[in-house]
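Sharing a model prediction with you, sequence too.
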Amino acid sequence: MIKYYYKSLRSQHVQELKDYKRGSWIYVEAPTDEEVQYLVSKFKVDPGHIEDALDEDEMPRLEKEEDQTYIFVRYAYKNAEAELVTVPLLFVFSEDIVITVSLVHMPRLDTFLSGKIDFATTQRTKLILQILHEVVEQYDRYINGTSKQIKLIRSRLRGHEISNQDFIDFVLIEDELNEFLAALMPTNATLRRLLRGRYIPLFEEDQDIIEDLLLNNEQSIEACSSNIKSIVNIREAYSSISSNNLNRTMKILTGATVLITLPNVIFGMYGMNIGLPFQHQPWAYAVIVLMSLSLCFFAFTIGRAKRIF
């Protein structure tokens, strides 16, 4: 799908054009082979970079081919299974065109079309930086949501209410955060290279925007790393608690086994069909019970001293 959007500084609303007009934003989403060929022939874009943008595993980077600059980043979104994933987003920049190429529909970009963001397609550099700002903000939003989820699970740890499902969630969250880190760290390098002004022309205001993007991106990286550490600490803490509880349980069961076994030994001896001392005495049963209780009390006293009970 290829769409053309145009908005000047004086325009109040974004116009969707039927064909390309100088100063318009060329929005490309999941293009077909025919559409890729059209982009190559019409705007002289490199077909290899377009194919890279349609590769789910493509990493952020910055390339320059003659008068065209190719900026690759990764965009975070929720797929049909409500899983947080990242996909590549390509910017093609030259003297008269701005093209964005994405593999899937990105809801965050709808904010430009709905009028919530003040922008102009004729300001090509600023448009790219505004879209990058939305990309970074989306990461920040998802990371904050993940932080709240981790804090909720951590609060349940105090009451020993963590379930197996929580650990499954931890694994999924950790995978998401690692994927975010894999996308954000090379994005940082891309933004630093952009800041040099050798790939796209920058005014002083544009440099300030990139510096803000760098700061926000670094904060997102720190938040991801912090959340991953929290997950590891919670997992290790719960593992230690579980091991401690298991050890206590095994001690109690061992002590209970000893207390049950001692009387059985004595009762077993006096249950044999052979002659035994005092077997015809009326007080023999009471003595046996008393001996059993004494042994149990002696074993319990030793167990308490050894902190088994």
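Right, received. Where do you want to start? Residues are numbered from 1 along each chain as shown.

what about the helix or strand containing A286, distance to the chain center?
According to DSSP states H and E, A286 maps onto helix 284-305. Centroid separation between helix 284-305 and its chain, computed with C-alpha atoms, centre = their mean, to the nearest Å, is 58 Å.

Could you do stretch 250-258 as well?
That offset, for stretch 250-258, works out to 43 Å (C-alpha atoms, centre = their mean).

Can I get it as PDB, trimmed to CA atoms?
Output in PDB follows, covering the C-alpha atoms of stretch 250-258 (Å, rounded to 0.1, in the frame of the first residue of the first chain):
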ATOM      1  CA  MET A 250      12.100 -32.000  54.800                       C
ATOM      2  CA  LYS A 251      13.400 -31.400  58.400                       C
ATOM      3  CA  ILE A 252       9.800 -31.600  59.800                       C
ATOM      4  CA  LEU A 253       9.000 -34.700  57.800                       C
ATOM      5  CA  THR A 254      12.300 -36.300  58.900                       C
ATOM      6  CA  GLY A 255      11.600 -35.500  62.500                       C
ATOM      7  CA  ALA A 256       8.000 -36.800  62.200                       C
ATOM      8  CA  THR A 257       9.400 -40.000  60.700                       C
ATOM      9  CA  VAL A 258      11.700 -40.500  63.700                       C
END
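
and the helix or strand that S41 is a member of, average pLDDT?
Secondary structure assigned from DSSP H and E places S41 in helix 33-43. Mean pLDDT, helix 33-43: 85.

Report the buried residues of that helix.
The neighbour-count check on helix 33-43 (16 or more other C-beta atoms under 10 Å) flags E35, V36, L39 as buried. Where you see a C-beta, it was placed from the backbone N, CA and C, and this is true even at glycine.

elements contacting that helix?
strand 2-6, strand 25-29, helix 47-53 (3 or more C-beta pairs under 8 Å, 6 or more residues apart in numbering; DSSP states H and E).

thinking again about what came up before, would you list the buried residues of helix 33-43 in CSV and tack on distance to Q165?
Conversion of the buried residues of helix 33-43 to CSV gives the following (distance: C-beta to C-beta, whole Å):
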residue, distance to Q165
E35, 43
V36, 43
L39, 46
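
what's the most buried one of the helices and strands packed on helix 33-43?
strand 25-29 (a mean of 21; mean count of other C-beta atoms under 10 Å).

How far off centre is that one?
Here the centre of strand 25-29 is set off from its chain's centre by 29 Å, with C-alpha atoms, centre = their mean.

Run me through the strand neighbours of it, direction for each.
Sheet pairing of strand 25-29 (DSSP bridges) gives strand 2-6 (antiparallel), strand 98-102 (parallel).

Outside of that strand itself, list whatever touches it.
By C-beta atoms under 8 Å, 6 or more residues apart in numbering, the surrounding residues in contact with strand 25-29 are 1-7, 20, 35, 39, 43, 97-105, 109, 121, 127.
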